[in-house]
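A.B. asks: using only what follows, build the 3D model:
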Amino acid sequence: MTTSTPGPSAGHPPARQRTAADIRRWRRYLADERSEAAVYRDLASRRTGEEREILLALAAAEGRHEQHWLDLLGPDVGRPLRGDLRTRLLGWLARRFGGVFVLALAQRAEARSVYATDADASATMAADEQIHEEVVRGLATRGRNRLSGTFRAAVFGANDGLVSNLALVLGIGASGASQHTVLLTGLAGLLAGALSMGAGEFISIRSQRELLEASTPAASTAQALPHLDVDANELALVYRARGMAADEATVHADEVLGRLAAVGATTGTGAVPAAPTEADLHASHDAEEAAGVASEDDVDTHGTAWGAAVSSFCFFASGAIVPVVPYLFGMHGLGAVVLASALVGFALLATGAVTGLLSGTSPLTRALRQLAIGFGAAAVTYLLGLAFGTTVA
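C.D. replies: Alright, predicted model coming up:
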């Protein structure tokens, strides 16, 4: 038996005959909207300020979508259903953690919306879901920026440890070396690789910061600004050297020097203004504003040198120990090779999936990519070990 849906109203599609399948689908949508609204409220409860307001606004939007399905269902709404498993899991994580990992999952959930292809969802609702994805992406980006430096070092270190030490262990093992030799080789590879990774990351981040600092105007130079010849206006040369057009540089330099002179006059000295800063040496007001937060943003994006070094050391070691585990327990031969490969494969899938989730892309695709690259490198080394072992024999 079929009945007619409510007539067209604000945001509702034209009336048509409803079926039992329609009612089941609408009830599922209703449950999902309620679950998603709860996720955003849970996330908001763990935040303050602007982020809290944004998340509550998203929850309110999901509430409007919920009302759409309630209006369509009418007396057929029935008993409340539970949201799908992914949304319930997201809610559980939101209540207990609420970090960038949960926001990344919420971003993917918004991207999975089917409203754009469902005749019973309004165009406004479909547009809302697309915008929600971008809102959540923006919120997640803040956390990703804070994580990116140390996280990059951690992921790179763990994968390098997994792949390089698996290749080393399999290559030596395939050559016919004893269990004791393979174990010592694996432990030596772990220590040498972890130290190398840690030192390399420290030097890399420190060198990057030194290059950036070399481009930052010197505070001592800024103190010379009040004493410049206003008519010669050599400050304009600084702005031109930093990429500003000649006419614009002259106007900007006149503004800066005029402001400093005016402030100086109000101090009663008539010559020495209030202390200028290195921001006055930047090529534009936008650059001046950026200069005030550059060092903080740079730390957020790239991580500290010590943080990156420690992360690289620890994560390389945690990855490199995995293929050694079978040999630590006295295994040898094909059994040790199979178990080591299986453990490393699982770890590669896990790190790839986490990377995919945090980057807002497919966890499965990233996991399989990690696995293919890691096993490809290990297979080449294992085959070389077999070849050398056969030659030696």
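A.B. asks: which residues does residue 368 contact?
C.D. replies: Neighbouring residues of residue 368 by C-beta atoms under 8 Å, 6 or more residues apart in numbering: 349, 352. Placement of C-beta: from N, CA and C, glycine included.
A.B. asks: quick one: which helix or strand includes it?
C.D. replies: Using DSSP states H and E, the element containing residue 368 is helix 363-392.
A.B. asks: how is this structure carved up into domains?
C.D. replies: 3-144, 147-214+300-392, 219-281 (automatic domain parsing).
A.B. asks: pick the most buried one from those.
C.D. replies: domain 147-214+300-392 (a mean of 19; mean count of other C-beta atoms under 10 Å).
A.B. asks: now the helices: where do they sit in the stretch 151-300 of the chain?
C.D. replies: 179-214, 219-222, 235-241, 246-266, 285-302 (DSSP state H, counting those that start in this stretch).
A.B. asks: low-confidence ranges, the stretch 101-250 of the chain, go.
C.D. replies: 101, 142-153, 210, 212-233 (pLDDT under 70).
A.B. asks: and if we set it to 80?
C.D. replies: For the stretch 101-250 of the chain, applying pLDDT under 80 flags the ranges 101-112, 140-157, 173-177, 196-244, 249-250.
A.B. asks: shouldn't residue 37 be in contact with residue 64?
C.D. replies: No. Using C-beta atoms under 8 Å as the test, residue 37 is too far from residue 64 to be in contact (9.7 Å).
A.B. asks: which outside residues touch stretch 165-184?
C.D. replies: By C-beta under 8 Å, 6+ apart, stretch 165-184 touches 185-186, 189-190, 193, 319-324, 327-328, 330-333, 336-337, 340-341, 344, 374, 377-378, 380-386, 388-389, 392-393.
A.B. asks: ok, now with 7 Å
C.D. replies: 185-186, 189-190, 193, 320, 323-324, 327-328, 330, 332, 336-337, 340, 344, 377-378, 381-382, 384-386, 388-389, 392-393 (C-beta atoms under 7 Å, 6 or more residues apart in numbering).
A.B. asks: go on, stretch 308-325?
C.D. replies: Residues contacting stretch 308-325 (C-beta under 7 Å, 6+ apart): 149-150, 153-154, 157-162, 165-166, 169, 183, 186-187, 189-190, 193-194, 197-198, 201-202, 205, 340, 343-344, 347.
A.B. asks: do that again at 6 Å, thanks
C.D. replies: 150, 153-154, 157-158, 160-162, 165-166, 169, 186, 190, 193-194, 197-198, 201-202, 205, 340, 343-344, 347 (C-beta atoms under 6 Å, 6 or more residues apart in numbering).
A.B. asks: average pLDDT for it?
C.D. replies: Regarding stretch 308-325, the rounded mean pLDDT is 84.
A.B. asks: swap in stretch 40-55?
C.D. replies: Stretch 40-55 comes out at a mean pLDDT of 84.
A.B. asks: with stretch 58-68 instead?
C.D. replies: 89.
A.B. asks: and for that stretch, what's in contact with it?
C.D. replies: Taking C-beta under 6 Å, 6+ apart as the rule, stretch 58-68 contacts 33, 34, 36, 37, 40, 41, 125, 128, 132.
A.B. asks: if you set the cut-off to 10 Å instead, what comes out?
C.D. replies: Under the contact criterion C-beta atoms under 10 Å, 6 or more residues apart in numbering, stretch 58-68 has outside partners 9-13, 26, 29-44, 106, 110, 113, 115, 120-122, 124-125, 128-129, 131-132, 135-136, 139.
A.B. asks: for stretch 377-386, same thing?
C.D. replies: By C-beta under 10 Å, 6+ apart, stretch 377-386 touches 162-177, 323, 337, 340-341, 344-345, 348, 375.
A.B. asks: would you mind measuring from the nearest residue to residue 167 once chain neighbours are set aside to residue 337?
C.D. replies: Closest residue to residue 167 apart from its sequence neighbours, by C-beta to C-beta, 6 or more residues apart in numbering: residue 381 at 3.8 Å. The spacing between residue 381 and residue 337, counted by C-beta to C-beta, to the nearest Å, is 12 Å.
A.B. asks: can I take it that residue 81 is in a strand?
C.D. replies: No. Going by DSSP: H, G, I helix; E, B strand; the rest coil, the assignment for residue 81 is coil, not a strand.
A.B. asks: which residues does it contact?
C.D. replies: Contacts of residue 81 by C-beta under 10 Å, 6+ apart are 24, 27, 28, 29, 30, 31, 32, 34, 35.
A.B. asks: 6 Å instead, please
C.D. replies: By C-beta under 6 Å, 6+ apart, the neighbours of residue 81 are 27, 31.
A.B. asks: check the gap between it and residue 208 for me.
C.D. replies: In terms of C-beta to C-beta, residue 81 sits 52 Å off from residue 208.
A.B. asks: do residue 327 as well
C.D. replies: Distance from residue 327 to residue 208, by C-beta to C-beta: 38 Å.
A.B. asks: residue 137 too?
C.D. replies: In terms of C-beta to C-beta, residue 137 sits 26 Å off from residue 208.
A.B. asks: ok, residue 155 next?
C.D. replies: For residue 155, the distance to residue 208 - C-beta to C-beta - is 18 Å.
A.B. asks: one more: residue 133?
C.D. replies: 32 Å.
A.B. asks: with residue 341 instead?
C.D. replies: 36 Å.
A.B. asks: same question for residue 201.
C.D. replies: On the measure of C-beta to C-beta, residue 201 and residue 208 end up 11 Å apart.
A.B. asks: mind listing what the closest residue to residue 350 other than its chain neighbours touches?
C.D. replies: Once flanking residues are discounted, residue 350 sits nearest to residue 367: 7.5 Å by C-beta to C-beta, 6+ apart. By C-beta under 6 Å, 6+ apart, the residues touching residue 367 are 349, 352, 353.
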